Each structure stands twice: as C-alpha cells, then as structure tokens.
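In: Mind looking at a prediction? Sequence and model below.
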Amino acid sequence: MARRISGRSHGDPRHADTRAKVVKDDYRPSRDEILRYIAENPDRSGKREIAKAFALRGQDRVWLKDMLRDLQDEGLLTKERKRLTRAGAVPHVAVLDIFGRDDDGALLASPSEYTGAGSPPVIAIRVSRGASGPVPGIGDRVLAKTFPTDDPSGPAYTGRVMKIFEKRSDAVLGVFRVLKDGTFRIEPVERRQPELIVDKEFQNGAKNGDLVEVEPARASRYGLPRAKVLAVLGSLSSEKAVSMIAIHAHDIPHVFPADVIAEADAVKPATLDHREDWRDLPLVTIDPADAKDHDDAVFATPDTDEKNPGGVVVTVAIADVAAYVRYGKPLDREALKRGNSVYFPDRVVPMLPERISNDLCSLREGEDRPAIAVRMTFSSEGRKLRHSFHRVMMKSAAKLAYPQAQAAIDGVPDDKTRPLLESVLKPLWDAYAVLKRGRDARQPLELDLPERKILLKPDGTVDRVVVPERLDAHKLIEEFMIQANVSAAETLEGKKEPLVYRIHDAPSLAKQESLREFLQTLSLSLARGAQIRPSQFNGILERVRGADNEALVNEVVLRSQSQAEYSPKNIGHFGLNLRRYAHFTSPIRRYADLIVHRGLISALGLGPGGLTQQEADRLEEVAALISATERRAMAAERDTVDRLIAAYLAERFNDTFDARISGVAKAGLFVQLPQYGADGFIPVSTLGGDYYIYDETARSLCGERTGKGYQLADRVEVRLVEVAPMAGAMRFEMLTDPKPLPGSRRSFHKAKGRARASQSRVGPRGRRR
C-alpha cells in the first residue's frame, strides 16, 4: 500500500505544485525535506499539518514530534503562533522597506523589523502587470505577503505588495537653533543623529526653536555636515512641543482631514431602533479622574437562580462606535490609518474626532448613549456559566473616578457615591470577589512592574513623577473587561464569524533556554516541557518575592515573553492563560475593538453597522496594520517620556542619583532612575581599570582581572554627566564599585572564552584587544 504526499514546490501560490508523490508505508521524510516543506508552506506548518502533508500516522507522528523538537533545539526552527518557521524567516505578512533594484530592474526590499541572526534577507518585489492603484518605488514602505524562493543565487523571498504606506524620504527632524554668532545649527532629536550646520540660503524661513524637517547634505571631510531646511513643522515654544517631535518622528497622523470632520459633524445621535431600552439600569463608569472619554460602564447583582447559589450576574456596556463609524467611509478609513489613540503626557492623539470620541460615543453621566452590552453569569467559584450580547440604549447613573469609588468601599463615601453604595458599588465589589476566585484558579502571569505617571505643569514641563496606587477598583474593571473580551471571542467563534484575536504566544524555546540558564546562576530552575504555563513563571516570582533579586528576576522574566499582537488566526493568550481572547471593550481608542463590534452585530443580527464581506476578506492585512500602529504608538510614547525627563533633569547636571541597571550590553550599562522612570547609558570604557567581558547568560559585565562587575537590576549610584534633552538621551558615570558576581563564575568563563574567540575584550579606553 502506498501513501500520497502533497505540497508546494514554490512559495508563490501562482506557481503552486499540486502533484503528489507516492511513497512506501515505512517512508519518513528527511530533515531537509521537513525544513523545505516548512519554508515553502509558512501558512501550513503546524505539527498536525506537517504530519498530514507527509501522511505520517501512529508512531511516525511521535517520531516527527521528536524530530521537530531536535530542529528547534539546534536553532533551525522557531515556533510562532503554534506554527513552525525557519529560524530568521520573514513572516508571511510583513512590513518591508524597498531599498533598490536588481540588475533586471526588479525592486528589492528588506524587513523593516528583523530579529534574526545576520543580515536581513532580501525580498524581490513583484508588481503585477496592469495592476491598478499606485506602484511602489524605492524608498517606499509596504505591507506585503512574502514567499520563500528556491533560487540560491537570488533573493531569498519574493513579495506581493498588499498596501503602500506613506512615502518616506531621507529627511530627518531637528530643532533649528540660532547661535550667538548668527550661524544656524540643527539640534538632533534622535540619539545617534549628528548636529548639522545650515547655511543662510537654506534657512527656508525657520526661526530659533522651530521643529524642522531637513535634508542632510553629503558630509565633508572636515567639520560638521550641512543640511537644508525642507519644512517648518511648528514651534517648540508651545507647551505641547515635546510630543510634537514624536508625532512627526513616527509619522503619526494627528490632523483629521476635512472630509473626516465633515462626516463626524453630520452624524445624528443614535435612536432606539434595533435596541433594547436599558436606560433604567444603573450602570456606572469608573475611570481615571482626568479621563475625557468613557467607553465602558458596569453593573452587577447576585444571581437569583437557585441553581447557582453564591453566583453573580455582571453586566458590561461598551460604547456602540459601529453605530457611527461605517466601513469604507472617511471616518473609518482614518481610524484604520491611525489604528489606535496615542497617549502622551501632554496630549492625546485620538483615533476618532472629538465629536465621536468625547461626545456621541462617550458614556456621559445622565445622557442617553448607544451601547453594546454583555450580561455574564458566574458561579460562586468565578467560572463563567453563560453570557448574552445586547444592543441597547443606556444612561450612565454616575461618572466615578477610581479613587472615589474605592474610598466609598473603604468607608469614606462622598455626596455622589453615598446614594450608590448599597445598590451599585457593594454589589460590584462582591462580584469582583467572585471573579477573582476564577482568576486565581486560572493563574495568569503576575509580574510586579509598577507603572509611573508624569504630572506636568501648565507650561508643559515636568512637575513630578508618581507611581499611582493600584487599587481594587482598578483590578475590578480590569477583570470585568477581560471577561467581556473572552465572551466576545467565544460568541464570534461559536457563530463562525471572522474576527481579529488578541494573541500572545508562549516564550520561544530559545528565550526559555536563555531564561533557564540565567535562573541557574541564581540557583533557581525552570522545568523543561512542551507546554510551559504562566503558573511556572509565577512560582519563580513567588520564590524571589521580597528578596534582593526580586526586581532582577521580574525584569528578566518580562524580557523572555513574546509581544502580544492581533491576528485572525487564534493561538490563545499566554499571559492571561486564555484559549481565546479578543479586544471588545475600547472601540473609541482601538480599531481592533471596532472590528469585533461589527462582527457581533453581524453574527447576532443586531441591526446595521455589521462586518461586511469585503472587510472580512481583509482581516489578515488589517491585523498586521493595527499591530504595527500599536508598536508605533508605544515607541512614540516612550520617546516622549524620555525627552520630558531628560529636559527635567538637565538642570541637575553633575547631581548623583540612585539607579537600577536596566540593561547590559557589550558597549556598557543601561541604567534607570526609579524615581523618574528615566533611562541613561554608562559606556563600558568609563567603568574603571579592568577589562569587562559581557556575560549574556548572567546578564552582566564581569571584570576579567577581578571577577567583579555589574549585573542586570543591580542598585547603583550614578552621576549625570551629559544630557541631550531633545534627543531624550542621558549619559551617566558609575559611582558604585563593582561587586562579586556569585553563581555566575561558570557562565563567566564561557563568556570569557567566547570573548577571546571574537576578540571582543574592551579596555578602559574602549579599545579592542
């Protein structure tokens, strides 16, 4: 008896090979055949799919599992979203930068973000003849589907363009400065950007303190490079100047086009058509005190069903954004382009115009507002028994702040919370106690990483940095929202409706092994196994709670985690320990939630504004786009915080600070000032008269002569010696003597051997030996 094995011989589906090979029953594929299949079939590379492709059954599947594990251990394969890929492989849908052409004139690109070893792979961009719309060119950033090739002499991949992002150029940003002698300089806003000279004929109307876009000229052999001003973007004399740098540096859309504003202004308030009337239900909003938009409201009661003693019914109502933002219209196109709102300390760049976000969709106290609500029933142990979705008209009974609601529960109600205490607030807290039992049983990842908040003065400069207290009120809303998100994913899955999941993969095997080696230096262990669980990390974190290395272990465990993202293909959410999860609760500020709302409307027949087939067909592209905009927002927010803190500390030049080592590299140490959440750098060349060797396993720099050094999360004293406020960069001098590094001697000798092999020993003056 023979078996058939089907597969593709080329990565591009236009050249798919549907021929079958016939093999004997005892056939087992070679390592090269498995690797080739995975490279050519990136969307069909799960263990079951590989076994099916090679017609493996019974013990042959056990053999395949062992073979795949060996290939991962050797670094030839990595596992992402339950699919196996070649190590360093480009994702099937990726953001690419087009950088040139080959000898035949074909466009060449490389991944805009590449984490593999070595140089990024080259992708040949294929442009279909007769294609409509704009044609990509050199300098463009595109979203593309990629397909591996089998031509060893050419590019490793071909790419088919799905979307062209806005044009990029060689222009850079800077602050225009007029010096005392009347000459002009460009102060850099990026850490590795040099200072530039601007000649008078290229000033282009720029004034002192303007944020400008400049085109650098070719650097001369002597002196600073020159540049010409292309455009004046605004003055940095305003109180929101610092965030403006990040907005332009990261190409964040911040001005709504006229047609978007016109559509928003023309929108009429929603009516009771296709809605249940829930205006008598005392739903309340609980948000930060300074929140301007309110997209979620909550209510809870004990379950009166005798079959569910001790159970509760929790209701979560979310602003019905889909009632106003329809697919393909200007509002929708702009929302997708932005992907999400961006929150800076000094401003918010919203996903939707204020008419929608702060008015028609904001669940204001005492005003009729459309919402999509989910009513969930939980057992006394916190297990969700059932849920139902409703399209409603609601009226918020009260707008509350987190501290205000918590104070009422703690026995200090005010005039607003006192009438709500028995009927609304206490039932909410009773319900949270029930849901917490379910959360404790689920055991999501519990990292202890406090969040800091920058408080500004009226002029936009930093007043102080605080760590807000984490209250039960925060945890209550968080857990209610998680359960609402789970309910949305379950409903859409059950109705077989397309959706965008919020996914979070387990740490890669490589990161697990790196973490395991690090923990061994602290006499801690992480068990090996095919299915690692968040509870295993929690056990480690619990063992170091209160110990000197608690911060270190929390930091390293965090860095071992994958990054959450959006995808139409579900792999579960590792951090929350959930099999299915989707964002539903914040459609005012996240496009992903708007997609889920539309899916619920379609799946449950809740009226107009549902998911269209055209939109459903684009979910893979949309998921990649909003994942990218989320990363863009996070980078812009982080850069703005760095600039604000650097400007705040610029007046404290030569002051000493308590710090914690937040990163270790061959070039030196990254340190964070816990009081401010600010980061800076200490070059290895300034650490003293020893040769420091980078020990990757122990996350340390260890002196070759003394065996002493510095390790990630060490508490140290540093002096501020250099500040570049506009770039958000600070350089420090180490004042704390190096310490013995217990437990890292073995890994140090390994690192020492690698350093000698690569000639990477760095001396006091930064020279290589």
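Out: Now that the structure is in, tell me what you want to look at.

In: any idea how far stretch 449-463 is from the chain center?
Out: Offset of stretch 449-463 from its chain centre (Cα atoms, centre = their mean, to the nearest Å): 22 Å.

In: First-to-last residue distance for that stretch?
Out: End-to-end distance of stretch 449-463 (Cα to Cα, to the nearest Å): 23 Å.

In: Quick check: buried residues in that stretch?
Out: For stretch 449-463, the buried set under the neighbour-count rule, 16 or more other Cβ atoms under 10 Å, comprises 454, 456, 460, 462. Every C-beta, even on glycine, is put in place using the N, C-alpha and C of the backbone.

In: likewise stretch 201-219?
Out: Buried residues in stretch 201-219, counted by 16+ other Cβ under 10 Å: 202-203, 206, 209-216.

In: From residue 532, how far off is residue 549?
Out: Distance, residue 549 to residue 532, using Cβ to Cβ, to the nearest Å: 21 Å.

In: and what of residue 368?
Out: From residue 368 to residue 532 the distance is 49 Å (Cβ to Cβ).

In: quick one, what contacts residue 51?
Out: Under the criterion of Cβ atoms under 8 Å, 6 or more residues apart in numbering, the neighbours of residue 51 are 57, 60-61, 64.

In: Show me the buried residues of stretch 449-463 that map onto strands.
Out: 454, 456, 462 (DSSP state E).

In: ok, so of those, who is nearest residue 189?
Out: Relative to residue 189, the closest of those is residue 462; by Cβ to Cβ it sits at 17.8 Å.

In: For the closest one, list the residues it contacts.
Out: So residue 462 contacts 454-456, 644-645, 647-648 (Cβ under 8 Å, 6+ apart).

In: Turn those residues into a markdown table, including pLDDT.
Out: A markdown table is the format used below for the contacts of residue 462 (pLDDT from 0 to 100):
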| residue | pLDDT |
| --- | --- |
| 454 | 90 |
| 455 | 90 |
| 456 | 89 |
| 644 | 90 |
| 645 | 90 |
| 647 | 87 |
| 648 | 90 |
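
In: Nearest to residue 418, out of those: which one, please.
Out: residue 455 (29.1 Å).

In: most residues in a single helix of this protein, which one?
Out: Longest helix in the chain by number of residues, with DSSP state H as the criterion: helix 619-649.

In: Quick check, residue 362 in contact with residue 291.
Out: No - the criterion here is Cβ atoms under 8 Å, and residue 362 misses it with residue 291 at 9.2 Å.

In: Compare neighbour counts for these two and give me the winner.
Out: Set side by side, residue 362 and residue 291 show more neighbours around residue 362, with 21 against 14, by other Cβ atoms under 10 Å.

In: what about the more buried one, which helix or strand?
Out: According to DSSP states H and E, residue 362 maps onto no helix or strand at all.

In: Ramachandran coordinates for it?
Out: When read as degrees, to the nearest 10, the backbone of residue 362 gives phi -80, psi 130.

In: what's the closest non-adjacent residue to it?
Out: Spatially, and ignoring its direct neighbours in sequence, residue 362 is nearest to residue 293 (4.6 Å; Cβ to Cβ, 6 or more residues apart in numbering).

In: before we move on, the earlier item: show me the one in the contacts of residue 51 that has more neighbours than the rest.
Out: Counting neighbours by other Cβ under 10 Å, residue 64 leads those with 19 neighbours.

In: okay but that residue is in contact with residue 50, surely?
Out: Yes - counting by Cβ under 8 Å, residue 50 is a contact partner of residue 64 at 6.6 Å.

In: Please enumerate the shared neighbours of these two.
Out: Here residue 64 and residue 50 have 34, 56 as joint contacts, going by Cβ under 8 Å, 6+ apart.

In: is it true that residue 390 touches residue 274?
Out: No - between residue 390 and residue 274 there is no contact under Cβ under 8 Å: 10.8 Å.

In: does residue 231 count as helix, strand or coil?
Out: What DSSP: H, G, I helix; E, B strand; the rest coil gives for residue 231 is strand.

In: With respect to residue 192, which of the contacts of residue 51 is nearest?
Out: Among these, and counting by Cβ to Cβ, the member closest to residue 192 is residue 64, at 46.4 Å.

In: How much space separates that closest one from residue 38?
Out: Distance of residue 64 to residue 38, computed by Cβ to Cβ: 12 Å.

In: Next, show the common contact partners of the two.
Out: Listed as contacting both residue 64 and residue 38 by Cβ under 8 Å, 6+ apart are residue 50.

In: which one among the contacts of residue 462 gets closest to residue 164?
Out: Distances from residue 164 to the contacts of residue 462, taken by Cβ to Cβ, are shortest for residue 644, at 33.9 Å.

In: dump the residue contacts of the closest one.
Out: Listed by Cβ under 8 Å, 6+ apart, the contact set of residue 644 reads 242, 345-346, 454, 456, 461-462.

In: so which of those would you say is closest to residue 544?
Out: If you rank the contacts of residue 644 by distance to residue 544 using Cβ to Cβ, residue 454 comes first, at 29.2 Å.

In: right, and the closest one touches residue 345 too?
Out: Yes - taking contacts as Cβ under 8 Å, residue 454 lies within contact range of residue 345: 4.3 Å.

In: ok, residue 427 touching residue 300?
Out: Yes - contact between residue 427 and residue 300 holds when scored by Cβ under 8 Å: they sit 4.8 Å apart.

In: Find the residues that touch each one of those two.
Out: Each of residue 312 lies in contact with both residue 427 and residue 300 under the rule Cβ under 8 Å, 6+ apart.

In: For residue 627, give me its contacts.
Out: Applying Cβ under 8 Å, 6+ apart, we find residue 627 in contact with 565-567.

In: Need the buried ones from those selected in PyMOL.
Out: If you want just the buried ones from these in PyMOL, going by 16+ other Cβ under 10 Å, the selection is:
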select buried, resi 565+566+567
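
In: I'd like the contacts of residue 627 as TSV, with distance to residue 716 and pLDDT appended.
Out: As requested, these are exported to TSV (distance: Cβ to Cβ, whole Å; pLDDT from 0 to 100):
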residue	distance to residue 716	pLDDT
565	35	95
566	39	96
567	41	95
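
In: In CSV, list the contacts of residue 627 along with secondary structure and distance to residue 263.
Out: Below are those laid out as CSV (DSSP: H, G, I helix; E, B strand; the rest coil; distance: Cβ to Cβ, whole Å):
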residue, secondary structure, distance to residue 263
565, strand, 30
566, strand, 25
567, strand, 30
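
In: Residue 721 in helix, strand or coil?
Out: Strictly by three-state DSSP, residue 721 counts as strand.

In: who does the residue lying closest to it once chain neighbours are set aside bridge with?
Out: Leaving aside its sequence neighbours, residue 721 sits nearest to residue 733 (Cβ to Cβ, 6+ apart; 4.9 Å). Beta-bridge partners of residue 733, counted by DSSP bridges, are residue 719.

In: separation between residue 733 and residue 653?
Out: Per Cβ to Cβ, residue 733 is found 12 Å from residue 653.

In: so where's the stretch 251-400 of the chain uncertain?
Out: By pLDDT under 70, the stretch 251-400 of the chain contains no weakly predicted segment.

In: how about the helices of it, start to end?
Out: Taking DSSP state H, counting those that start in this stretch as the criterion, the stretch 251-400 of the chain carries its helices at 258-266, 330-338, 354.
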